[in-house]
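Visitor: sequence plus predicted model, see below.
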Amino acid sequence: MEVGTAKESHPVRAVNRACGPFLLLLVASCAGGPGDAPVPGSHAEDLLLLNRVTWGANPSSARELARMGPARYLEAQLQPAQEAALPPEAQAQVDAMTITQRPVDELAKEMESRRKGLDLLRNDDEKKAAQQAYQQELTRLGREAAARMLLRALYSPWQLREQMTWFWMNHFNVFQYKANLRVLVADYEERAIRPHALGRFRELLGATARHPAMLVYLDNAQNAANRINENYARELMELHTLGVDGGYTQRDVQELARILTGFVVREGWSEFIPGRHDYGDKLLLGRTIRGRGAAEVDEALDLLARHPATARFLCRKLALFFVSDDPSEALVERLASTFRSSDGDIAAVLRELFASAEFRASLGTKFKDPVHYVVSAVRLAYDGKAILNAGPMINWLGRMGEPLYARPTPDGFALTRTEWASAGQMATRFEIARTLGYGAAGLFRAEGPQPAERPAFPQLANALYYASMQETLAEPTRQGLDSATSPQEWNMLLLASPEFMNR
Amino acid sequence: MNKRAFLRNAAGLSLAPLAGRLLAAPAAGKSRFLLVFLRGGYDAANVLIPASSSFYYESRPNIAVARESVLPLTSEWGLHPALGDTVYRLYQNGQAAFIPFAGTEDLSRSHFETQDSMELGLAAEGARNFQSGFLNRLVSVLGASEAALRPRAMAFTDQLPLAFRGEAQVANMGLKFVGKPAVDARQSALIAAMYRGTPLAAQVNEGFAMRDDVLRDMAGEMEGAGRNAVSARGFEVEARRVAKLMKEQFNLGFVDVGGWDTHVGEGGASGFLATRLAELGRGLAAFADEQGPAWQDTVVVLISEFGRTFRENGNRGTDHGHGTVFWVLGGGIRGGRIAGDQVAVRQETLFQNRDYAVLNEYRGVLGGIFARLYGLEDATLERIFPGVKARDFALV
């Protein structure tokens, strides 16, 4: 979509010319970028569907949905092509990242030797400076991962996969500020989570169990025969598979911890060291697991992934994410049955979920957590015009309390409204709505010694607004929008409206 | 010699269980409590200094605070000179007390693990419920009998801390960097009107009201800046904001202060830690000052996840340790003393020959303070800190 530019001395006039809300021009007459092309046949229900299935409706996704029809669109989202390039300007940013250009083991090795080098420095000032530089580099790598995630959420055609990548990253949460995880988190997302986001749960589970990021985060790298660390074993059952009421005991935690002994992390790779493994037989959830090394882990993960409690626990969480804060038991049971019969096929479960009456009825009623709020706002504002700097978005997420890769605790962020709609949080949202509505907000200021950002503001009164958004707004929201005295203020009010808080 | 011979208890009460009766009728809405979490494990041994211990000076050849610089508190203990104009004065007025050998049973020595387990306020072993922090449970139990007694709780942090997570709805708003809000009054009214009649109307209105309060306080700050030769910075600014909000609107608060992880070059009487301490002290004094008459009814407790190694390391710093020192401040407290179980500071009394021991477990300490402050019975305390006996140091 076209962005209002600073060359215009009077922003209201600028937006009038480009088809704003202040002159009710015909949508079709708007000139400009792809966001202004008409959205054919789009109506409110499609808009609501997009808001749930994607990171947020925008004109280009609405056109795609209209072209394919909802059924084909959903099916395509459930079976994304392996890789789809982002729009060139976004792809170029990802391609230029260190996390793209260099393999994780090489990076981890380099950072590890830098860390060891710190201990050799004797001069306090030198040491402090070197430590700071080391920490800054770790943080830079973590921010690259966050920027890549946001660029994909904003511009990837495979929106459902990107949403599910965040969902599983949150489910199998790691905290990037523990140890050197900022080096590993990009690889964790890329290799352990994203390829399986719509695949088989068992494969996803196995990939997380062996990834160095998880081994470090939940201390399984320290878990060895006779020096048992139960941390990962407990969370593996409580948070990753069975759920806290899944019917396991403290004894099961201890036995699973023994099964999980022997893995270490070296320079960004995980390795199984037979000498650290407990080779005794174990009894997990009533089943004897014969002591024989790393194969025990596969057997245990099979058992956990296929346990009926896991099906229920995961399906309830999916329904929490995609349907409502209080999904019905009937729906959860139906999804769990699909989960079991499909051997944990995530796409099959979602297909069932999307087809349910409860899903349809819930559209537009789920409160956006901060990540959904920020990403949906920027998607709407800059459809077809790739942002050059995800930094402001990363910072907003921090301010709103849902930073990427920075949930300290293994439970991940809550998916319900009560966690995100406190008074302070709402006030912060409105400030962000204003920042986004009134200008480019730093999103087009490239990092490094670049010329200053071209001041610009988005036009949210776009083709999508007139084609479908408008009719979803309640009367008080319309009145609010009508009271706007500038297009920027109108933008802010739309992003601050009750309707925009929901998906 | 029997180690227990060294055990003594300044308050003389710590071993007596709390009387199972209402100590005082809870003064609804009058008592105020602020928990300050010093994140990063501050070096307690260089703040409450065992100045009479030659072992202290042997252990810290580069970073010990020289005896003549230490501000005397008792025959054993002294205070870091950076707190001279602030916390030392409060102590002299009986408005500050310290509890050494305090902390948690958690032995992970991990910031992350230990902060979490403390904020949850549950036994180190056993199931963790990350959706139930002890301050949240305090809100719930106080409000359970009578809505009027329910604390107006607020975390003065960008994210809701674990301690405040749970059943009760608790608001949060970071006050470290309060910019002038960009959404103006007219726009706020427009937004509020869009929410009228929706389930979020109350939060939206409260959010704007809270923001306006902070904004008003900021206007005061700006006026004040002209009069003060040295402008307030960092935690001092934040603490004043917290005090203003706690004076009028909130009576249960949480704030955290970071930057205490002094592995390298921490300094002694001056240097890195001294600078941080001075800022913390100014903040606490500013908080007391800003509270005005309400300071009489306010209790501030400072905790940290662990202390640091008693001996300095090879980098003139200290590493993650175990026992720490809690601070208790308040206009009406029985301060001016060192409270809780203590042991002489010598090599033999160190925990694992490296750290302060923990003789005053944090849940017992906080439970004892809550019991007095809110007149809580044992059964009620049990719901905040299950399985823990409150320790009464008669500070409140």
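Guide: Okay, I see it.
Visitor: closest residue of the stretch 51-200 of chain B to chain A?
Guide: Using Cβ to the nearest Cβ, residue B:173 is the residue of the stretch 51-200 of chain B that sits closest to chain A, at 3.5 Å. C-beta here means a position set from N, CA and C on the backbone, and glycine is covered the same way.
Visitor: what number of residues lie near that residue?
Guide: Using other Cβ atoms under 10 Å in any protein chain shown, residue B:173 has 23 neighbouring residues.
Visitor: ok, it touching residue B:209?
Guide: No: counting by Cβ atoms under 8 Å, residue B:173 stays clear of residue B:209, with 11.4 Å between them.
Visitor: between those two, what contacts are shared?
Guide: Common neighbours of residue B:173 and residue B:209, counting by Cβ atoms under 8 Å, 6 or more residues apart in numbering or on different chains, are residue A:423.
Visitor: secondary structure class for the most centrally placed residue in chain B?
Guide: Taking Cα atoms, centre = their mean, the centroid of chain B lies closest to residue B:302, which sits 2.1 Å from it. Under DSSP: H, G, I helix; E, B strand; the rest coil, the three-state class of residue B:302 is strand.
Visitor: ok, the nearest residue to it once chain neighbours are set aside to chain A distance?
Guide: Leaving aside its sequence neighbours, residue B:302 sits nearest to residue B:327 (Cβ to Cβ, 6 or more residues apart in numbering or on different chains; 3.9 Å). Separation of residue B:327 from chain A (Cβ to the nearest Cβ, to the nearest Å) stands at 25 Å.
Visitor: then residue B:327 would be within a strand, right?
Guide: Yes: secondary structure of residue B:327 (three-state DSSP): part of a strand.
Visitor: what is the neighbour count of it?
Guide: Applying other Cβ under 10 Å, we find 26 residues neighbouring residue B:327.
Visitor: that one contacts residue B:87, doesn't it?
Guide: Yes: counting by Cβ under 8 Å, residue B:87 is a contact partner of residue B:327 at 7.5 Å.
Visitor: can you count the residues close to residue 324?
Guide: If you meant another chain, say so; for now it's chain A. With neighbours defined by other Cβ under 10 Å, the count for residue A:324 comes to 19.
Visitor: hmm, no, I was thinking of chain B.
Guide: Applying other Cβ under 10 Å, we find 31 residues neighbouring residue B:324.
Visitor: nearest spatial neighbour of it, chain-adjacent residues omitted?
Guide: Among residues not flanking residue B:324 along the chain, residue B:307 sits closest, at 3.7 Å (Cβ to Cβ, 6+ apart).
Visitor: how far away is residue B:247 from residue B:241?
Guide: 11 Å (Cβ to Cβ, to the nearest Å).
Visitor: what is the burial count for the nearest residue to residue A:157 once chain neighbours are set aside?
Guide: Leaving out its chain neighbours, the residue that sits closest to residue A:157 by Cβ to Cβ, 6+ apart is residue A:84, at 5.3 Å. Applying other Cβ under 10 Å, we find 12 residues neighbouring residue A:84.
Visitor: wait, is residue A:84 part of a strand?
Guide: No: assessed with three-state DSSP, residue A:84 is coil; it does not lie in a strand.
Visitor: what sits against it?
Guide: Applying Cβ under 8 Å, 6+ apart, the residues contacting residue A:84 are A:156-158.
Visitor: show me those that map onto helices.
Guide: Among the contacts of residue A:84, no member falls in helices (criterion: DSSP state H).
Visitor: returning to what we had before: when residue B:247 and residue B:241 are compared, which one has more neighbours?
Guide: The neighbour comparison of residue B:247 against residue B:241 (other Cβ under 10 Å) goes to residue B:241, with 26 against 19.
Visitor: next SSE downstream of the host helix or strand of that one?
Guide: Assigned by DSSP states H and E, residue B:241 belongs to helix B:235-248. Later in the chain than helix B:235-248, the nearest helix or strand by DSSP H and E is strand B:252-257.
Visitor: could you check how many residues crowd around the closest residue to residue A:175 other than its chain neighbours?
Guide: In space, and not counting its chain neighbours, residue A:175 is closest to residue A:408: 4.9 Å by Cβ to Cβ, 6+ apart. By the measure other Cβ under 10 Å, the count of residues near residue A:408 is 18.
Visitor: ok, now which ones touch residue A:408?
Guide: Contacts were defined as Cβ under 8 Å, 6+ apart; by that measure residue A:408 touches A:175, A:177, B:112, B:116.
Visitor: looks like the first one contacts residue A:181 (just checking).
Guide: Which is residue A:175. Yes: the criterion here is Cβ under 8 Å, and residue A:175 meets it with residue A:181 at 6.8 Å.
Visitor: where do the contact lists of the two overlap?
Guide: Common neighbours of residue A:175 and residue A:181 (criterion: Cβ under 8 Å, 6+ apart): A:217, A:405.
Visitor: quick check: buried residues in stretch B:38-55?
Guide: Neighbour counts over stretch B:38-55 (16 or more other Cβ atoms under 10 Å in any protein chain shown) mark B:38-53, B:55 as buried.
Visitor: so which of those residues are in helices?
Guide: residue B:55.
Visitor: how near is the residue of the stretch 1-150 of chain A found nearest chain B to residue B:58?
Guide: For the stretch 1-150 of chain A and chain B, the shortest gap (Cβ to the nearest Cβ) falls at residue A:124, measuring 4.0 Å. Distance, residue A:124 to residue B:58, using Cβ to Cβ: 22 Å.
Visitor: and those two? Which one has more around it.
Guide: More crowded of residue A:124 and residue B:58, by other Cβ under 10 Å: residue A:124, with 17 against 11.
Visitor: name the nearest residue to that one, sequence neighbours excluded.
Guide: Nearest residue to residue A:124, sequence neighbours excluded (Cβ to Cβ, 6+ apart): residue B:265, at 4.0 Å.
Visitor: next, the one you found: secondary structure please.
Guide: Following three-state DSSP, the label given to residue B:265 is coil.
Visitor: just the strands in the stretch 51-200 of chain B please.
Guide: B:71-72, B:78-79, B:96-103, B:153-155, B:171-172 (DSSP state E, counting those that start in this stretch).
Visitor: any chance of these in a markdown table, plus mean pLDDT?
Guide: Formatted as a markdown table, the strands of the stretch 51-200 of chain B follow (pLDDT from 0 to 100):
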| stretch | mean pLDDT |
| --- | --- |
| strand B:71-72 | 98 |
| strand B:78-79 | 98 |
| strand B:96-103 | 98 |
| strand B:153-155 | 91 |
| strand B:171-172 | 78 |
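Visitor: and among those, the most buried is which?
Guide: Per residue and on average, the most neighbours among the strands of the stretch 51-200 of chain B fall to strand B:96-103, with a mean of 28 (mean count of other Cβ atoms under 10 Å in any protein chain shown).
Visitor: from the contact counts, what lies against it?
Guide: Judged by 3 or more Cβ pairs under 8 Å, 6 or more residues apart in numbering or on different chains; DSSP states H and E, strand B:96-103 is in contact with helix B:87-92, strand B:324-329, strand B:337-338, strand B:341-342, strand B:360-361, helix B:362-374.
Visitor: try 7 Å this time
Guide: Contacts defined by 3 or more Cβ pairs under 7 Å, 6 or more residues apart in numbering or on different chains; DSSP states H and E place strand B:96-103 against strand B:324-329, strand B:337-338, strand B:341-342, strand B:360-361, helix B:362-374.
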